[in-house]
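J.: Have a look; sequence and predicted model below, questions after that.
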Amino acid sequence: MTTRQRLDLLARAYPRLFPRTELLRLLRTQLGHVDALDQWTSRDGTRVRARAPKLIYHICSGNLAVSAWTSLAHGLLLGAHNVVKLPSDRNDGTVRGEILGFIRGLPTPLRKLVETHRTIDLDLLRRAEAVIAFGSDATMESLRPQIRWNQKFIAHGHAVSLLWIPEPDRLTSSQARACAIDILTYDQLGCLSPQAIYLPPGTHLDSLGKKLALTLETHWRQSKIKPARLLAVAARITETRDMAHALGQRVWLPPGKHLGWTLIHDPDPTFQPSPLHGVIYLRQASTAKLRLALASVAGRISTIGIAGKSSSPWEKVFLSLGASRFCAAGHMQFPPLTWQHDGRPSLGDLVDRIDSENVA
Amino acid sequence: MSSTRDFFQPAIRRAWIRQLLGPLDETKWNALASELFAWQFSRIPSYRRLCVAHEVTPKRITSWRDIPAGPQQLFKREKLFTHLSARPAAIYETSGTTTGQPGRQYLLSTDIYRAVSMEGAKRAGLFDQDPQLHFLTPAPQEAPHSSLSAMFGFWLEATEQKKELKFWMRKDRFDFVGLRQTLEKQMKTRRPIAICGTAFSFVHLLDAWADLPPLRLPRGSWLLETGGFKGRSREITKAELYRQLAHAFSLHNNAIWNEYGMSELSSQAYARGITGLHHPPPWARVLIVNPATGREVRVGQQGLIRWLDLANIDSVFALQTLDLAKRIPQGFRLIGRLPRTEPRGCSLGVEDLTPQRIE
């Protein structure tokens, strides 16, 4: 099967998740040519092609299925055999079910390229040419000793994303709506989900809070599938709300105090992780103080969603803190397939390049 | 109802203790709870803010069940002390193993803690057979911020036992050799023996004595374990811990007690055996609540433990824990600590940000 055939099968099975044009663009940008795996192509006068790994080991995390779907799609595009280590049993099984559902929905020729495991198969892990892992830093650290020196290890450990509103007092309704989408999509569980909104000092918090609260509520009400609030999740949310009230922080809650979303203004600009599940903090910091406020997550910042116009001084600070992606608010959770996850070409990293120079 | 007493006065504190240890029917309990709520509402700004957010004030309260509970986490962020300008006689600290930041309980005086921790154990029946006590903790002088060591110290004083050779942890090391030698001597007297400690200290004891034959403790002896492992020893299930302890001391597992208490509170609940239910003392009440509604769950359902401890006069007496339990008509069945985090995968959480501290 050629790359184009695999691409067509994938795009037909999941046209919204993996549109054909985007897959083509992904191959062009990261492999240099759509047919780079199947034939020699030319680059600056040199004949080049790419070699795909035969076996890829995917280690999936229990928070979100979408990263596993994308990783698997990369492996399938390359025509590799894909071993998928599903999230462990200590997770509630939702994500595991979603990954298995995705695999079941693949056309047979692609499905044959996938096998799933509930526990790590060390033999397969060692035999794999590439290992792609999603999860905590601790998971990555525990995997590292298992990896051969000549094995590709693409580790996606902890990361955090943020929203940034450069001119909060001029925030439009559509920008506020875009923020709500970013906050509430996937119940805030991924590393692309914003955990805080950063604002410049002097923001009129009352009107901004009201505006955001309104759009959060509207978006929550319009969501067809509302995430469950199991006991543990409800406990974290209510604890966070109670703490914020007790500490005298400004809190905006939904009508009837349902647990769909929570907006809190923390006067301390220092980043603190949110308990997720729709809990978002407003924090104010000048560009001078922002670096210090985010020092604890320097090097772990994934995406900065911007609701408004970007400005150079702020951008500079985020860049110096290691942010690897900037996008307009509303798009944080939906990166293009060509997105370089953690700053690396996810597909391109998996292949070996072959050059043929001066050969007649 | 507004507060009428000034809990700064020793005489008033003594009177309060008498009331707690005397008969307490529903009306009396409600009246004392309302009074204490009014006192703490007026004295602790962060607790007052929380109550106002819940639209509960002393004037509006009709039942103790409506009193808002302060989250346990608040003890880590705020000084919850009703006598802010006074010097506390004791400051007890939580282990702080989750976030590296300990929670602190400030006591104006240890008088009430002393009285209720002793009386609670007595009413649970721990001292019925006048056991010789041993503790797998440091002595209170060595660990002045440990509420557990303090309580064990009170027990010793109240039972008129000498402190020497009672606390078997010194300078962060267990003296299991000394303990065993002492136990072997004391066993000959046939007087019951009681050994109390944290779950992790018992695991260390089991490991240290793994190659030694079981001891045959005299009839009426018992063990008391409390707390979890918190990364201080290998973790084993409660059932396995009880099985191994029962074997090591030749006891029935009904002779093993669990104490459920915490540094932020003054009172404790006790359960006997692996399946035992926890019973708080009359001056403390436990609600098993649904965090989504803040209301009590139905009998048979699971929820979070909310303590209301009338002995906790110097801080906040209504405490919302993150401990999971099943509501039972006669008490509650402790399930355990709610996991600090559900799977966050690649999303960074507080545990990943703050270095952990093991005390």
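T.: Cool, got the structure. Residues are numbered from 1 along each chain as shown, chains lettered A, B, ... in the order given.
J.: per-residue confidence for the nearest residue to B:Q105 once chain neighbours are set aside?
T.: Nearest in space to B:Q105, with sequence neighbours left out and distances taken as CB to CB, 6 or more residues apart in numbering or on different chains, is B:Y92 at 4.4 Å. To be clear about C-beta, it is placed using only N, CA and C from the backbone, and glycine gets the same treatment. With respect to pLDDT, B:Y92 scores 96.
J.: tell me what the helix or strand harbouring B:Y92 is packed against?
T.: Secondary structure assignment for B:Y92, by DSSP states H and E: strand B:90-93. Helices and strands touching strand B:90-93, by 3 or more CB pairs under 8 Å, 6 or more residues apart in numbering or on different chains; DSSP states H and E, are strand B:104-107, helix B:147-158.
J.: Please identify the pairing partners of the next helix-or-strand element following the last one and their relative orientation?
T.: Past helix B:147-158, heading to the C-terminal end, the next element that is a helix or strand (DSSP H and E) is strand B:169-170. Pairing partners of strand B:169-170, with direction, according to DSSP bridges: strand B:173-174 (antiparallel).
J.: what residues does the partner strand touch?
T.: With contact meaning CB atoms under 8 Å, 6 or more residues apart in numbering or on different chains, strand B:173-174 is reached by B:L136, B:W168, B:S201, B:H204, B:L205, B:A208.
J.: can you map out the helices along the stretch 51-200 of chain A?
T.: Counting by DSSP state H, counting those that start in this stretch, the stretch 51-200 of chain A has helices at residues A:66-77, A:94-104, A:108-111, A:122-127, A:137-143, A:173-184.
J.: Close to chain B: what parts of the stretch 51-200 of chain A are there?
T.: Contacts of the stretch 51-200 of chain A with chain B, taken as CB under 8 Å from any CB of the partner chain, map to A:61-64, A:67, A:87, A:90-92, A:95, A:134-137, A:156-160, A:189-191, A:193, A:195.
J.: circling back: got the contacts of strand B:173-174 as JSON lines, with secondary structure columns?
T.: JSON lines is the format used below for these (DSSP: H, G, I helix; E, B strand; the rest coil):
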{"residue": "B:L136", "secondary structure": "coil"}
{"residue": "B:W168", "secondary structure": "coil"}
{"residue": "B:S201", "secondary structure": "helix"}
{"residue": "B:H204", "secondary structure": "helix"}
{"residue": "B:L205", "secondary structure": "helix"}
{"residue": "B:A208", "secondary structure": "helix"}
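J.: next SSE after the longest helix along chain A?
T.: The longest helix of chain A (DSSP state H) is helix A:205-222. The helix or strand immediately downstream of helix A:205-222 is helix A:231-246, counting by DSSP H and E.
J.: How about the contacts made by B:D314?
T.: B:D314 neighbours (CB under 8 Å, 6+ apart): B:F7, B:F81, B:T82, B:H83, B:P88, B:Q105, B:Y106, B:L107, B:L108.
J.: before we move on, the earlier item: packing partners of the longest helix of chain A?
T.: helix A:173-184, strand A:250-252, strand A:262-265, strand A:279-284.
J.: could I get those as JSON lines with mean neighbour count, distance to A:S302 and mean pLDDT?
T.: Converted to JSON lines, the helices and strands packed on helix A:205-222 look like this (neighbours: other CB atoms under 10 Å in any protein chain shown; distance: least, CB to CB, whole Å; pLDDT from 0 to 100):
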{"stretch": "helix A:173-184", "mean neighbour count": "22", "distance to A:S302": "12", "mean pLDDT": "98"}
{"stretch": "strand A:250-252", "mean neighbour count": "18", "distance to A:S302": "26", "mean pLDDT": "98"}
{"stretch": "strand A:262-265", "mean neighbour count": "23", "distance to A:S302": "22", "mean pLDDT": "98"}
{"stretch": "strand A:279-284", "mean neighbour count": "23", "distance to A:S302": "16", "mean pLDDT": "98"}
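J.: and those as CSV, adding distance to B:Q73?
T.: Formatted as CSV, those follow (distance: least, CB to CB, whole Å):
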stretch, distance to B:Q73
helix A:173-184, 23
strand A:250-252, 15
strand A:262-265, 14
strand A:279-284, 14
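J.: Which one of the ones you listed lies nearest to B:K28?
T.: strand A:250-252 (36.0 Å; CB to CB).
J.: The strand holding B:Y92 pairs with which strands, and in what direction?
T.: Counting by DSSP bridges, the strands paired with strand B:90-93 are strand B:104-107 (antiparallel).
J.: I would like the residues contacting the strand it pairs with, please.
T.: The contact list for strand B:104-107 (CB under 8 Å, 6+ apart) reads B:75-76, B:79-81, B:88-94, B:113, B:147, B:263-265, B:314-315.
J.: just the contacts of B:D314 now: which is nearest A:A307?
T.: Distance to A:A307, by CB to CB, is smallest for B:F81 among the contacts of B:D314, at 42.1 Å.
J.: Can you tell me the centre-most residue of the chain?
T.: No chain specified, so I'll use chain A. Centroid-nearest residue in chain A: A:L192, 4.2 Å away (criterion: CA atoms, centre = their mean).
J.: nope, chain B
T.: Among the residues of chain B, the one closest to the centroid is B:G261, at 1.3 Å (CA atoms, centre = their mean).
J.: To what extent is the residue nearest to that one when sequence neighbours are not counted buried, counted in neighbours?
T.: Nearest non-adjacent residue to B:G261, counting by CB to CB, 6+ apart: B:Q268, 3.6 Å away. As a burial measure, B:Q268 scores 24 neighbours (other CB atoms under 10 Å in any protein chain shown).
J.: which residues does B:Q268 contact?
T.: So B:Q268 contacts B:S117, B:G120, B:A121, B:M151, B:E259, B:Y260, B:G261, B:P280, B:P281 (CB under 8 Å, 6+ apart).
J.: Same check on B:A318?
T.: B:F37, B:I67, B:P68, B:A69, B:G70, B:R306, B:W307, B:L308.
J.: Just the pLDDT at the last one, thanks.
T.: In this case it means B:L308. For B:L308, the pLDDT comes out at 97.
J.: Let me know the secondary structure of it.
T.: strand.
J.: Show me what it is bridged to.
T.: Counting by DSSP bridges, B:L308 is bridged to B:R285, B:A318.
J.: okay if I get the contacts of strand B:173-174 as a markdown table plus neighbour count and distance to B:P218?
T.: Shown next, in a markdown table, are the contacts of strand B:173-174 (neighbours: other CB atoms under 10 Å in any protein chain shown; distance: CB to CB, whole Å):
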| residue | neighbour count | distance to B:P218 |
| --- | --- | --- |
| B:L136 | 24 | 19 |
| B:W168 | 24 | 19 |
| B:S201 | 24 | 22 |
| B:H204 | 18 | 24 |
| B:L205 | 24 | 18 |
| B:A208 | 15 | 22 |
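J.: just those now: which is nearest chain A?
T.: Taking CB to the nearest CB as the measure, chain A lies nearest B:H204 of the contacts of strand B:173-174, at 25.0 Å.
J.: Could you export the helices and strands packed on strand B:90-93 to a markdown table, including columns for distance to A:I264, mean neighbour count and mean pLDDT?
T.: Converted to a markdown table, these look like this (distance: least, CB to CB, whole Å; neighbours: other CB atoms under 10 Å in any protein chain shown; pLDDT from 0 to 100):
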| stretch | distance to A:I264 | mean neighbour count | mean pLDDT |
| --- | --- | --- | --- |
| strand B:104-107 | 24 | 22 | 96 |
| helix B:147-158 | 31 | 22 | 94 |
